[in-house]
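# For reference, the sequence and a predicted model appear below.
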Amino acid sequence: MRTVNRYLSKRGRTWYLIKRIPADVRELHQGEDTIRESLKTTDLIAARRIRDARLKELEAEWNAYRALPRGKHLNPRELHAALQLRKDLLGSERQAVLEIVEECTNDIYNSDVPEQLHGLASSEKAAEFNGIASGKRFPTELAVEEFLAGAKLKPTTRKLYAGLLKLVINKFPTLEEINEVSIISLVREYQRDHTAKSVRNLLTATRNLLHYHGHNHVREAIRSLRIDAHKPLLEKGIWTPKELVRLTVANTAPQWLRDCIIVAAYSGLRAQEIRGLIYDAGENQLVVPLQNAKTTNAIRRIACHPKAKEAAIRLASANDKLTVHKLSTAFRSLVEKLNLPRIVEIDGVPTKRDFHALRHTFASKLTALGAEESAIKRILGHSTKGNVTRGYSQKVGAELDRPLIERVSYEVSDAAAATPEAKAA
């Protein structure tokens with residue numbers, strides 16, 4: 001049963017609002033744990049209306065407070081004040097602002113340290129406030145937010161950097177703590193379970209962050225760090241025709257996953273390109289739009305293979321909820337269910353096979369058909385040598401590549417007949 005008079009109390013004939021303050025926002029109310037406010041009305045209906053409006057105001061205020069960034073020791077309100085003072089330092093009243101910084105620092109220090117220890121013990125909170133407010137320190141979390149919002153990055157690069165820089169935020173609360181010695185400790189810890197490529201990406205993201213905020217001396221110092229990754233980087237392998245048939249006809253896989261596999265195997269599209277695939281019915285072409293292209297070269301049209309047409313139509317009409325992570329996870333699970341090896345050796349070299357390996361499988365088919373390198377680059381959306389060549393190749397219609405693409409075959413009919421999945425279907 002709904003309680004309509006919740007948070008209301010009557011004193012005499014006047015209604016009051018009584019609301020317990022959440023612990024994480026009590027700083028806004030001078031440490032009080034309960035709000036007691038007169039609603040200045042004796043009418044219950046009016047009291048409910050005023051109460052609801054006041055509760056909405058409080059929730060908005062509390063949510064705004066919770067959204068403020070936090071320092072290592074400072075609460076959101078103190079950090080907000082420190083950042084505001086830091087911003088004011090750029091003005092003409094710099095000396096006056098510095099005096100305010102000193103006064104605020106002393107206030108924080110005196111409130112944190114017992115009176116008998118004044119002058120004998122330091123306050124970490126006061127030190128953090130003084131460092132930020134005086135411009136000597138800057139929270140790494142805010143530095144990363146500004147960098148990702150303001151730097152000119154490709155969408156995929158921005159997403160990659162956002163994940164990697166979380167490690168930097170957790171390791172270094174302020175930007176000034178990042179130096180050649182401290183970054184080495186982060187790299188040594190990270191390289192135990194990651195490949196050399198992953199470590200290089202972490203260093204590149206950190207260097208770009210430092211460059212964006214003008215810390216170029218540190219950026220140059222970590223440029224030549226040696227990387228000794230413990231996890232080897234495996235090249236992408238390819239799927240055999242028989243394996244592809246098992247993947248596409250497996251009755252344990254959902255239809256959308258099988259459609260993704262078929263489209264990738266007959267077009268070489270990346271996972272992120274399939275996620276936002278557009279099918280042009282009039283031209284019978286697959287379209288990779290700007291928002292899903294890895295680079296500007298990846299914005300392209302590809303002639304649709306006859307065996308991929310129905311799958312492409314289904315994906316284009318209902319792939320708004322598809323994500324790269326969902327696709328990769330579902331594909332890995334399917335491979336494990338079918339007991340297909342994810343790592344195989346090619347000429348003695350171990351290679352890794354995942355969803356992206358379908359792109360390599362398609363490219364290997366084009367190569368086996370004798371396709372020219374320029375045609376393969378154009379179909380796959382790779383960059384070409386120089387802007388002039390790229391400008392010419394982009395003007396070539398997708399229909400020029402249709403005969404080549406339609407020659408791609410994995411002998412589905414012959415191999416499918418021999419698979420248990422096909423017989424069960």
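Received it, and whenever you're ready, just let me know what you need.
# Which strands or helices does the helix or strand harbouring Pro403 pack on?
Using DSSP states H and E, Pro403 maps to helix 402-406. With contacts taken as 3 or more C-beta pairs under 8 Å, 6 or more residues apart in numbering; DSSP states H and E, helix 402-406 sits against strand 300-303, helix 373-380. The C-beta positions use only the backbone N, C-alpha and C, and glycine is treated the same way.
# Kindly reformat those as a markdown table containing mean pLDDT, distance to Pro69 and mean neighbour count.
Formatted as a markdown table, those follow (pLDDT from 0 to 100; distance: least, C-beta to C-beta, whole Å; neighbours: other C-beta atoms under 10 Å):
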| stretch | mean pLDDT | distance to Pro69 | mean neighbour count |
| --- | --- | --- | --- |
| strand 300-303 | 91 | 41 | 21 |
| helix 373-380 | 89 | 42 | 18 |
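# Dump these into a markdown table; add distance to Thr204 as well.
Shown next, in a markdown table, are the helices and strands packed on helix 402-406 (distance: least, C-beta to C-beta, whole Å):
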| stretch | distance to Thr204 |
| --- | --- |
| strand 300-303 | 27 |
| helix 373-380 | 24 |
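# Of the ones you listed, which is nearest Thr329?
helix 373-380 (24.1 Å; C-beta to C-beta).
# Now do the closest one: which elements does it pack against?
Counting contacts by 3+ C-beta pairs under 8 Å, 6+ apart, helix 373-380 packs against strand 300-303, helix 357-368, helix 387-394, helix 402-406.
# and those, which one is worst for confidence?
Note on those: helix 387-394 shows the lowest mean pLDDT, a mean of 45.
# Following element in sequence after the longest helix seen in the chain, please.
Identified as the longest helix of the chain according to DSSP state H is helix 44-67. Per DSSP H and E, helix 44-67 leads on to helix 76-88 as the next helix or strand towards the C-terminus.
# circling back: I would like the residues contacting the longest helix of the chain, please.
4-5, 7-8, 15, 17, 19, 22, 24-25, 27-28, 35, 37, 39, 41, 76-77 (C-beta atoms under 8 Å, 6 or more residues apart in numbering).
# Stretch 161-173 now?
By C-beta under 8 Å, 6+ apart, stretch 161-173 touches 71-72, 139-141, 144, 147-148, 153, 178, 182, 186, 190, 201-202, 205-206, 208-209.
# Of those, which belong to strands?
With DSSP state E as the criterion, strands contain none of these.
# Among those, name the buried ones.
Neighbour counting over the contacts of stretch 161-173 (16 or more other C-beta atoms under 10 Å) leaves 71-72, 139-141, 144, 147-148, 153, 178, 186, 190, 201-202, 205-206, 208-209 as the buried ones.
# hang on, the earlier thing: tabulate the helices and strands packed on helix 373-380 (CSV), appending distance to Ser267.
Listed next are those as CSV, based on distance: least, C-beta to C-beta, whole Å:
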stretch, distance to Ser267
strand 300-303, 5
helix 357-368, 7
helix 387-394, 18
helix 402-406, 7
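# Quote the end-to-end distance of stretch 276-284.
17 Å (C-alpha to C-alpha, to the nearest Å).
# Using CSV, write out the CA atom coordinates for stretch 53-63.
Taking Å, rounded to 0.1, in the frame of the first residue of the first chain, the C-alpha atoms of stretch 53-63 are listed here in CSV:
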residue,chain,number,x,y,z
ALA,A,53,8.8,19.9,-5.3
ARG,A,54,11.3,20.3,-2.4
LEU,A,55,12.4,16.6,-2.6
LYS,A,56,13.0,17.1,-6.4
GLU,A,57,15.2,20.1,-5.7
LEU,A,58,17.2,18.2,-3.0
GLU,A,59,17.7,15.2,-5.3
ALA,A,60,18.9,17.5,-8.1
GLU,A,61,21.3,19.2,-5.8
TRP,A,62,22.6,15.9,-4.4
ASN,A,63,23.1,14.4,-7.8
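# Could you give the separation of that stretch from the chain centroid?
Here stretch 53-63 is found 31 Å from its chain centre; the criterion is C-alpha atoms, centre = their mean, to the nearest Å.
# before we move on, back to that, and the helix holding Pro403, what's buried?
Of the residues in helix 402-406, 402, 404-405 count as buried by neighbour count, 16+ other C-beta under 10 Å.
# quick revisit: nearest approach to Ile238 belongs to which of the helices and strands packed on helix 402-406?
Nearest of the helices and strands packed on helix 402-406 (C-beta to C-beta): helix 373-380, 14.1 Å.
# just the angle between the closest one and helix 357-368, please?
150 degrees (axes from the mean of the first three to the mean of the last three C-alpha atoms, to 10 degrees).
# from the buried ones among the contacts of stretch 161-173, which ones fall inside helices?
140-141, 144, 147-148, 186, 190, 201-202, 205-206, 208-209.
# how's the chain carved up into domains?
Using automatic domain parsing, the domain parsing of the chain gives 8-67, 76-133, 140-221, 236-424.
# Make JSON lines out of those domains and add distance to Asp228.
Below are the domains of the chain laid out as JSON lines (distance: least, C-beta to C-beta, whole Å):
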{"stretch": "domain 8-67", "distance to Asp228": "41"}
{"stretch": "domain 76-133", "distance to Asp228": "34"}
{"stretch": "domain 140-221", "distance to Asp228": "6"}
{"stretch": "domain 236-424", "distance to Asp228": "19"}
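# how close does the residue most central in space within the chain sit to Leu277?
Nearest to the mean C-alpha position of the chain, counting by C-alpha atoms, centre = their mean, stands Lys159 at 3.8 Å. Distance, Lys159 to Leu277, by C-beta to C-beta, to the nearest Å: 19 Å.
# what about the stretch 51-200 of the chain, any weak spots by pLDDT?
Filtered on pLDDT under 70, the stretch 51-200 of the chain yields the residue ranges 112-113, 115-122.
# cutoff 90 now
Under the criterion pLDDT under 90, the flagged ranges of the stretch 51-200 of the chain are 60-139, 141-142, 146, 152-159, 170-200.
# now the helices for the stretch 251-400 of the chain?
255-267, 271-275, 309-317, 324-337, 357-368, 373-380, 387-394 (DSSP state H, counting those that start in this stretch).
# OK, contacts around Arg94?
By C-beta under 8 Å, 6+ apart, Arg94 has no neighbours at all.
# for Thr351, same thing?
234-238, 343-345.
# With Leu369 instead?
Taking C-beta under 8 Å, 6+ apart as the contact definition, Leu369 lies against 404, 407-408.
# go on, Leu366?
Counted by C-beta under 8 Å, 6+ apart, Leu366 has contacts 268, 375-376, 379, 404, 408.
# Any chance of TSV for the residues you listed, columns distance to Lys294?
Output for those, formatted as TSV (distance: C-beta to C-beta, whole Å):
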residue	distance to Lys294
Gly268	13
Ala375	19
Ile376	16
Ile379	14
Leu404	22
Val408	22
